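Engineer: Sequence and predicted structure, then a few things I'm wondering about:
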Amino acid sequence: QIKREEFQRSCLVDSISSLKESVVCHQNRIPPFHNQQHSTNGNEDDDDDPKALRIGCHIAHAIRRIVFQTLGFTLSSGISTSKLVAKLAASYGKPNGQAIIYPEAIPHVMEETEIRKARMLGGKLGKKVTSLLPPELATDKKKATLGSVARLLTLDDLVSGLGEDNGRWVFDAVRGIEHEEVKSTLKVLPKSITAFKSFPKVSYPELEKWTALLARDVMNRVQLDNARNNRIPRAVTVGYTMKPGGSWIGKTFRLSFPTDRDFDSRVQRLVDNTRKILTERGEKSFIRIGFSAIDFVVRPKTGIDSFFAQQEKSTSPSKRRGDGAVRSNPTHTKDSNTESTRARLNARLKQDQQQKEECGIQGWLAKVDSAELFTKAAAEETTTSPHLDANLKQSSQKVDETERIAEEEEGSTTNTATTGEEISQKILSDEE
């Protein structure tokens, strides 16, 4: 118990020093006692929120220090009473710093934060919220702030325009209230591997030097991630920012992850595909560009190079016809149909030959001819031996012709629709 109290007291003392290194948002709105040294005594009268936030400053400072000492990366962090507001606070601490937003400062932060800058409001939901504001605010992104939503839109307005769940969530969010807990990221792999570069202003061909460096950096890190985590990305997002006329414009487009076996070939393909899209779009000057490898899947056991080859096959148009749809092999189908036709035809001809031997030519012709009109004519034609020999020779020629047709069908791209019975019947009709 004594050690625990000493540890708590030590954390509170360290938290004050960490707080001094943090940006306090709208500090003039904060009661002075939040930052006073006497709060380190751990009195029960000490307000819970300020004390917890000070300890949060200490934890964030320790994490940033350890990451920098271990990996050489600088971090920015935000501390507040909810996940949404803490994310907003992090932007005040950049670069390589941290910021804290006390509850008393939340309304003022909301008044100066654009709707699209808040977590979960940067996409379609944020646009819907903006459309509910008066036209003079909805058309001006800087005036369409979280604070304006809190002031001008009631709960009924939001529920009516966004639905029950979204309306209630937005109503709380614009007031800095969010109940979602910070989730543990232990053993959770990053969803993307990125590399970006900012410039005063750059254009092609100079830009290609930087895209090559960034592409090589991403490819190297993807290979390291592949070795550690047994996964590979399926796509790359190219993001770039321009500043025509003084206003920033950010755009992105998506490319398939290069599947070449050679490392340098993969890098060059990504560089070439990026230049092609930017040229087609007519983009000329940039102040920022970078790559993000995304959409990771588990790597097959056959290795990274084999995976690239398999991935290239799996993305061919014939494999993307539909969910769960499988195209049959046309060559296999043609072979099966041809073999089946030939087998049935041979069996039928063998059966006909046996009937000839058992009941004579006249009886055989009478069986195969269903029309009585032709039965008599067939019997008269087969009374003489020379004419019979001619018929048998013609039958043999028809069999050869049938086999030739079957062989031609094997090389055709269309599926055979003629059955063995139809071919056999055609031969018999010709003989008649």
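Structural biologist: Yes, it's here. Numbering: from 1, shown residues only.
Engineer: secondary structure element for the residue nearest to Val222 when sequence neighbours are not counted?
Structural biologist: Closest residue in space to Val222, ignoring its immediate chain neighbours: Ala293 at 5.3 Å, by C-beta to C-beta, 6 or more residues apart in numbering. Every residue, glycine included, has its C-beta placed from N, CA and C. Taking DSSP states H and E as the definition, one finds Ala293 inside strand 285-298.
Engineer: can I assume the residue nearest to Val222 is in contact with Ile193?
Structural biologist: Yes - the pair Ala293 / Ile193 is scored as a contact, 4.4 Å apart, by C-beta atoms under 8 Å.
Engineer: Spit out the contact partners of Ile106.
Structural biologist: By C-beta atoms under 8 Å, 6 or more residues apart in numbering, the contact set of Ile106 is Ser80, Thr81, Val85, Arg175, Gly176.
Engineer: ok, the residue nearest to Val222 to Arg231 distance?
Structural biologist: According to C-beta to C-beta, to the nearest Å, Ala293 stands 10 Å off from Arg231.
Engineer: and those two? which has more neighbours close in?
Structural biologist: Taking other C-beta atoms under 10 Å, Ala293 and Arg231 do not tie; Ala293 has more neighbours (24 against 14).
Engineer: separation between the more buried one and Leu84?
Structural biologist: 28 Å.
Engineer: do the same with Glu283
Structural biologist: 34 Å.
Engineer: So for those two, which residue has more residues nearby?
Structural biologist: Taking other C-beta under 10 Å, Glu283 and Leu84 do not tie; Leu84 has more neighbours (22 against 18).
Engineer: related to what we said a few turns ago, the residue nearest to Val222 pairs with what?
Structural biologist: Here Ala293 sits in beta bridges with Ile193, Val236, as judged by DSSP bridges.
Engineer: Please read off the pLDDT at it from the model.
Structural biologist: For Ala293, the pLDDT comes out at 95.
Engineer: Contacts only, for it.
Structural biologist: By C-beta under 8 Å, 6+ apart, the residues touching Ala293 are Ser192, Ile193, Thr194, Val218, Arg221, Val222, Pro233, Ala235, Val236, Phe257.
Engineer: Generate a ChimeraX selection restricted to the buried entries among those residues.
Structural biologist: Buried subset of the contacts of Ala293, written as a ChimeraX selection, criterion 16 or more other C-beta atoms under 10 Å:
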select :193,194,218,222,233,236,257
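Engineer: Quick one: the contacts of Ala293 as TSV, columns for distance to Leu75 and pLDDT too.
Structural biologist: Shown next, in TSV, are these (distance: C-beta to C-beta, whole Å; pLDDT from 0 to 100):
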residue	distance to Leu75	pLDDT
Ser192	17	93
Ile193	17	94
Thr194	15	93
Val218	21	95
Arg221	18	94
Val222	22	94
Pro233	24	94
Ala235	27	95
Val236	25	96
Phe257	28	94
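Engineer: buried ones in stretch 140-157?
Structural biologist: So for stretch 140-157, counting by 16+ other C-beta under 10 Å, buried means Ala144, Thr145, Leu146, Gly147, Ser148, Val149, Ala150, Leu153.
Engineer: ok, those vs Val202, which is closest?
Structural biologist: For these, the minimum distance to Val202 (C-beta to C-beta) is 32.0 Å, reached by Ala144.
Engineer: Would you mind confirming that that closest one makes contact with Leu132?
Structural biologist: No - taking contacts as C-beta under 8 Å, Ala144 lies outside contact range of Leu132: 10.1 Å.
Engineer: Now do the shared contacts for these two.
Structural biologist: Common neighbours of Ala144 and Leu132 are listed as Ala138 (criterion: C-beta under 8 Å, 6+ apart).
Engineer: Can you say which helix or strand has the nearest residue to Ile55 once chain neighbours are set aside in it?
Structural biologist: For Ile55, ignoring the flanking residues on the chain, the nearest one in space by C-beta to C-beta, 6+ apart is Ser15 at 5.0 Å. Counting by DSSP H and E, the element that carries Ser15 is helix 2-20.
Engineer: After that helix, which helix or strand is next?
Structural biologist: Next helix or strand after helix 2-20 toward the C-terminus (DSSP H and E): strand 23-24.
Engineer: Mind listing residues that contact that next one?
Structural biologist: Residues outside strand 23-24 that contact it (C-beta under 8 Å, 6+ apart): Ile30, Asn35, Tyr92, Gly93, Gly97, Gln98, Ala99, Ile100, Tyr102, Ala105.
Engineer: Can you flag which of the residues you listed belong to strands?
Structural biologist: Gln98, Ala99, Ile100 (DSSP state E).
Engineer: Considering those, which is situated nearest to Gly56?
Structural biologist: Distance ranking of these against Gly56, using C-beta to C-beta, places Ile100 first at 7.5 Å.
Engineer: show me what contacts that closest one?
Structural biologist: Leu19, Ser22, Val23, Val24, Cys25, Leu53, Gly56, Cys57, Gly78, Ile79, Ser80, Ala89.
Engineer: and what of Lys191?
Structural biologist: Lys191 sits next to Ile294, Phe296 when contact means C-beta under 8 Å, 6+ apart.
Engineer: hmm, back to that, pull out the buried positions in the strand holding Ala293.
Structural biologist: Phe286, Ile287, Arg288, Ile289, Gly290, Phe291, Ser292, Ala293, Ile294, Phe296.
Engineer: Could I have the CA atoms of it written out in CSV?
Structural biologist: Once non-C-alpha atoms are left out, strand 285-298 reads as follows in CSV (Å, rounded to 0.1, in the frame of the first residue of the first chain):
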residue,chain,number,x,y,z
SER,A,285,2.8,21.2,-59.9
PHE,A,286,2.7,19.6,-56.4
ILE,A,287,3.5,20.5,-52.9
ARG,A,288,3.0,17.0,-51.5
ILE,A,289,2.9,13.5,-52.8
GLY,A,290,3.2,10.0,-51.4
PHE,A,291,2.2,6.3,-51.5
SER,A,292,0.1,4.1,-49.1
ALA,A,293,0.2,0.4,-49.4
ILE,A,294,-3.2,-0.9,-48.3
ASP,A,295,-5.7,-3.8,-48.5
PHE,A,296,-3.4,-6.4,-46.9
VAL,A,297,-4.0,-10.2,-47.3
VAL,A,298,-2.3,-13.2,-45.8
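Engineer: for the protein, where's the lowest mean pLDDT among helices and strands?
Structural biologist: In the chain, no helix or strand scores lower on mean pLDDT, DSSP states H and E than helix 372-381, which sits at a mean of 44.
Engineer: Perfect, I'm done here.
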